[in-house]
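Asker: Provide a 3D model corresponding to the input given below.
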Amino acid sequence: MTHGLPRILIIDDEPQIHRFLIPALEAAGYDPIRADTGEGGLRQMATRAPDGVILDLGLPDMDGKDLLEKARRFYEGPVLVLSARHRELEKIDALDLGADDYMEKPFNVGELLARLRAMLRRGPHVEAPRKAVRAGALEIDLDMRLVRRDGQPVRLSPKEFELLRGLVEADGRVVSHRQLLTAVWGPAHEHDVQYLRVFVGQLRQKLEPEPAAPRHIITEAGVGYRFLTT
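Answerer: Here you go, the predicted structure:
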């Protein structure tokens, strides 16, 4: 970041959202800027170089997903989608187009700030993939294709390892069912969600201290999964 406080762009056409979020962001130590339209948001992203973006999908001049697709051609920072749309397909599409996280309106400002902090810690959207991580009792070395739990090697099948790789390299971001299925099994399997659930269950049995209450491989209902190190 080249300026003082982290700059957060809010792209939303609802004045009450700006009235509510701007003071909350300022109090949390951010420099909020606003845009009320999609075109205005794209201009701000191109000229003001925000450190993060909070994006509404229901904009007056374009769909927020179209904005996201255009923005990802030049903007690498994190994007949190904040929308009143509750359909799971909307979340999946936004994540597939490059959103880092998704929250529904109405929302809790404390949770929003926590998610924003997590996104900013992760940095640019196209950062180098993580190669080695520790997560509780787990040690995962992606280069060496080694996984240990409590210091003991864990045997994973090739597909299980590639699924774990896809989750770990997302670095805490939600990965949609479609993204995981396409990456691990190919485009022909992008709708085989039940197949994915079976493999996630197998991974949890091997990696989680309590597979029924996972700490690391977390379900985002109807959308996908994320991997948490803490």
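
Asker: Would you mind identifying the helix or strand in this protein with the lowest mean pLDDT?
Answerer: helix 88-96 (a mean of 83; mean pLDDT, DSSP states H and E).

Asker: which residues are contacting that one?
Answerer: Applying Cβ atoms under 8 Å, 6 or more residues apart in numbering, the contact partners of helix 88-96 are 57, 64-65, 68, 81, 83, 102, 174-179, 220-224. Backbone N, C-alpha and C define where each C-beta goes, glycine included.

Asker: Then stretch 166-178?
Answerer: Contacts of stretch 166-178 (Cβ under 8 Å, 6+ apart): 92, 95-96, 100-102, 118, 122, 127, 129-130, 133, 140, 142, 179-180, 183-184, 190-191, 193, 196, 217, 220, 223-229.

Asker: Show me which of these are buried.
Answerer: With burial judged by 16 or more other Cβ atoms under 10 Å, the buried subset of those is 92, 95-96, 100-102, 118, 122, 130, 133, 140, 142, 179-180, 183-184, 190, 196, 217, 220, 223-227.

Asker: by contact count, what packs against the following helix or strand past the least confident helix or strand of the chain?
Answerer: Using DSSP states H and E, the next helix or strand after helix 88-96 towards the C-terminus is strand 101-104. With contacts taken as 3 or more Cβ pairs under 8 Å, 6 or more residues apart in numbering; DSSP states H and E, strand 101-104 sits against strand 79-83, helix 88-96, helix 109-122.

Asker: State the mean pLDDT of strand 101-104.
Answerer: Strand 101-104 carries an average pLDDT of 88.

Asker: Also stretch 13-20?
Answerer: 93.
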